[in-house]
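J.: here's my sequence, what's the structure:
(one chain, ligands or ions: 1)
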Amino acid sequence: MIIDGKKCSEEILENLKKEVSEYKERIGKIPGLAVIILGDNPASKIYVRSKIRACEKVGIYSKEIVLSDKISEAELIKEIEKLNSDKDINGILVQLPLPEHINEKKICDAISIRKDVDGFKQESLGKIVLGDEDGFISCTPQGIIYLIDQLNMDLNGKNAVVVGRSNIVGKPTASLLINKGATTTVCNSKTKDLTGILKRADIIVVAVGKAGFLKKDMVKEGAVVIDVGINREGGKICGDVDFEGVSQIASHITPVPGGVGPMTIAMLLKNTVKAFCKEELVNGK
Ligand code: NAP
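T.: Okay, the predicted model is just below:
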């Protein structure tokens with residue numbers, strides 16, 4: 001069975017749209033998201049455009065800030081600080097990757113914790129590990145878990161394997177699975193007997209960045225397979241899973257495109273509305 005991330009994300013955006021219009025009516029304010037992009041990396045431009053388009057769909061105010069990729073770290077931090085004190089902005093996102101002369105961690109540190117809708121700050125990651133729901137859960141891991149939740153599976157006693165240990169996908173996804181009770185293994189490029197580990201998994205999340213990496217013979221019959229990969233091959237986008245082979249054996253599988261990708265954007269807007277509510281809806285207003 002195909003897990004339809006596109007449909008699921010559209011439902012989330014529809015609900016957010018209603019929520020935003022209620023706030024507009026009730027308190028005369030709407031959430032705002034600022035997206036900073038450096039230079040003209042074509043893939044980054046596509047991602048930013050889809051985020052801005054999704055904001056428009058939902059009625060969230062969006063501000064796209066295009067800066068030179070030659071900008072200094074200090075100048076970029078100044079831009080972020082302006083947004084930190086901008087009352088119309090509830091969420092700040094700096095589109096990755098950044099040019100080499102800019103330190104990603106310093107840029108993350110500069111974003112106010114109240115506006116960290118990407119969930120990349122250390123404090124946000126810490127809250128994910130602790131299961132503290134007050135924080136912002138990074139968008140892709142949040143989207144992955146949302147899709148798994150739709151299957152109404154009890155994760156207690158299930159074996160989950162996350163392939164990839166990045167700070168933005170692998171590690172937070174593993175923490176969320178641990179918090180849900182799954183016995184979770186995180187694999188990387190040095191893992192020995194990856195196939196043996198994967199063959200015992202009830203849930204597999206692949207975030208490796210290699211087209212068609214997960215093959216049918218690595219998967220247990222009936223496993224749930226979540227494909228996070230976005231790879232460009234000959235003008236086409238494909239995931240980390242050999243969809244044709246693995247879909248014959250998995251019980252549920254996400255397609256690429258139309259799986260985790262649209263969920264990431266939906267969760268970004270969900271986090272932006274959450275940031276707005278934390279800021280504006282105090283004392284039950
Ligand atoms: P990343 O930082 O490049 O990390 C890749 C991970 O895969 C690393 O931990 C690496 O291990 C591991 N790996 C590489 N080869 C392996 C192998 N042969 N066996 C086991 N593990 C292996 O990537 P990322 O940022 O997490 O992204 C992963 C993929 O997801 C990319 O295709 C990216 O475009 C996509 N992505 C999609 C979304 C979305 O919205 N759908 C969001 C973010 C990322 P080592 O640590 O040992 O090197």
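J.: what residues of stretch 109-122 count as buried?
T.: 110-112, 115-121 (16 or more other Cβ atoms under 10 Å). In short, each C-beta sits where N, CA and C put it, glycine included.
J.: same thing with stretch 73-93?
T.: Buried residues in stretch 73-93, defined by neighbour count with 16+ other Cβ under 10 Å: 76-77, 79-80, 83-84, 89-93.
J.: which one's the longest helix in this structure?
T.: Secondary structure assigned by DSSP state H gives helix 5-27 as the longest helix of the chain.
J.: C-terminal to that one, what's the next element?
T.: For helix 5-27, the following helix or strand on the C-terminal side (DSSP states H and E) is strand 32-38.
J.: against which helices or strands is that following strand packed?
T.: helix 42-58, strand 61-67, helix 73-84, strand 91-94, helix 260-280 (3 or more Cβ pairs under 8 Å, 6 or more residues apart in numbering; DSSP states H and E).
J.: which among the buried residues of stretch 73-93 gets closest to the ligand?
T.: Of all those, L93 has the smallest distance to the ligand: 12.8 Å, by Cβ to the nearest ligand atom.
J.: ok, that closest one touching L33?
T.: Yes. Assessed by Cβ atoms under 8 Å, L93 is found in contact with L33 at 6.8 Å.
J.: quick check: neighbours shared by those two?
T.: Taking Cβ atoms under 8 Å, 6 or more residues apart in numbering as the contact rule, L93 and L33 both touch 51, 117, 268.
J.: does the first one touch A266 like I think?
T.: Read it as K51. No. Counting by Cβ under 8 Å, K51 does not reach A266; the two are 10.6 Å apart.
J.: next, count neighbours for the closest residue to the ligand within the stretch 1-150 of the chain.
T.: Using Cβ to the nearest ligand atom, the closest approach of the stretch 1-150 of the chain to the ligand is made by T140 at 4.1 Å. Using other Cβ atoms under 10 Å, the number of residues around T140 comes to 25.
J.: ok, it - contacts?
T.: 168-169, 173, 207, 228, 260, 263-264, 267 are the contacts of T140 under Cβ under 8 Å, 6+ apart.
J.: among the residues you listed, which are within reach of the ligand?
T.: 168-169, 207, 228, 260, 264 (Cβ under 6 Å from any ligand atom).
J.: let's have those residues in CSV, adding distance to L38 and neighbour count.
T.: Shown next, in CSV, are the ones next to the ligand among the contacts of T140 (distance: Cβ to Cβ, whole Å; neighbours: other Cβ atoms under 10 Å):
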residue, distance to L38, neighbour count
I168, 18, 18
V169, 22, 25
A207, 24, 24
V228, 24, 29
V260, 25, 29
T264, 20, 23
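J.: take those residues and lay them out in JSON lines including pLDDT.
T.: Below are those laid out as JSON lines (pLDDT from 0 to 100):
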{"residue": "I168", "pLDDT": "96"}
{"residue": "V169", "pLDDT": "98"}
{"residue": "A207", "pLDDT": "98"}
{"residue": "V228", "pLDDT": "98"}
{"residue": "V260", "pLDDT": "98"}
{"residue": "T264", "pLDDT": "98"}
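J.: which bits of the protein sit near the ligand?
T.: Residues of the chain lying close to the ligand (Cβ under 6 Å from any ligand atom) are 140, 163-166, 168-170, 187-191, 194, 207-209, 228-231, 260-261, 264.
J.: mind checking which of these are buried?
T.: The buried subset of the residues of the chain next to the ligand (16+ other Cβ under 10 Å) comprises 140, 163-166, 168-170, 187, 191, 194, 207-208, 228-231, 260-261, 264.
J.: can you tell me the closest non-neighbouring residue to L96?
T.: Leaving aside its chain neighbours, L96 sits nearest to E104 (7.1 Å; criterion: Cβ to Cβ, 6 or more residues apart in numbering).
J.: can you pull the poorly scored residue ranges out of the protein?
T.: 283-285 (pLDDT under 70).
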